[in-house]
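1. structure for this input, please:
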Amino acid sequence: MATKFSNAAIRYGLAMLLAVFGLCAAGQAQQQVAMALLPDAPGTPDAMEPVRPVEPIEQRPLREAPSHRRFWDRENTLLFAGTLLTSAGDFVVTHDNLQASGGQELNPIARVFSGSTAGLVANFAGETAGVTGLSYIFHKTGHHRLERVAPMLNMAASGYAIGYGLRHR
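-> Predicted coordinates for the structure are as follows:
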């Protein structure tokens with residue numbers, strides 16, 4: 001069922017695509033290339049010059065990579081502590097809404113575990129351990145920015161869930 005918001009979003013997206021394609025210079029560039037290929041076109045050279053061969057690039061040795069830093073440094077420790085705190089806050093708000101208010105778990109994966117307190121604890125502990133494990137995999141494969149982003153995204157999602165749960169009591 002389409003809503004006013006989705007219809008407006010689709011119309012806005014189509015308008016933006018038309019504006020981007022309409023303002024592109026690619027269509028105008030094609031006309032200029034065609035004009036340059038015509039022999040009688042003004043501003044074209046009488047004879048075409050051959051293309052110079054590509055000169056090889058001199059190879060230099062790579063500089064030494066910085067030493068691999070530790071996984072449990074100060075920044076990661078703070079990020080994982082924040083992940084743990086926001087997951088705990090999400091657990092408390094979710095548990096309270098499910099028990100006291102007769103609420104419903106909106107996360108389809110967590111809904112399976114929402115029947116008991118132990119199930120919710122296992123869900124949120126597994127979520128925290130999963131984020132830490134994913135971050136460690138990113139660390140070992142050299143993706144250090146993603147290593148930091150994973151707990152940040154989890155904290156943002158848990159923070160949103162806390163706010164949503166508090167607002168819809």
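2. quick one: buried residues of the lengthiest helix in the chain?
-> Identified as the longest helix of the chain according to DSSP state H is helix 74-99. For helix 74-99, burial by neighbour count (16 or more other C-beta atoms under 10 Å) applies to 76, 79-80, 82-84, 86-91, 93-95, 97-98. All C-beta spots, glycine's among them, are computed from the backbone N, C-alpha and C.
3. which secondary structure elements does it sit against?
-> Under the contact criterion of 3 or more C-beta pairs under 8 Å, 6 or more residues apart in numbering; DSSP states H and E, helix 74-99 touches helix 117-140, helix 144-167.
4. show me the domain layout of the chain.
-> Annotated domains of the chain cover 4-37, 74-167 [automatic domain parsing].
5. and the pLDDT at residue 10?
-> At residue 10, the model reports a pLDDT of 81.
6. show me where pLDDT drops low in this structure?
-> Residue ranges of the chain with pLDDT under 70: 1-5, 23-48, 64-68.
7. again, 50 this time
-> Along the chain, the model assigns pLDDT under 50 to no residue.
8. so what's the gap between the longest helix of the chain and the chain middle?
-> From the chain centre to the centre of helix 74-99 is a distance of 21 Å (C-alpha atoms, centre = their mean, to the nearest Å).
9. give me the buried positions along the helix or strand following that helix.
-> Where DSSP states H and E defines the elements, the next helix or strand beyond helix 74-99 is helix 108-111. Residues residue 110 are the ones in helix 108-111 that count as buried (16+ other C-beta under 10 Å).
10. who does helix 108-111 touch, helix- and strand-wise?
-> In this structure, helix 108-111 makes packing contacts with helix 117-140, judged by 3+ C-beta pairs under 8 Å, 6+ apart.
11. mind giving me the packing neighbours of the helix it packs on?
-> helix 74-99, helix 108-111, helix 144-167.
12. distance to residue 123 for the ones you listed - can I get that in TSV?
-> As requested, the helices and strands packed on helix 117-140 are exported to TSV (distance: least, C-beta to C-beta, whole Å):
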stretch	distance to residue 123
helix 74-99	8
helix 108-111	5
helix 144-167	12
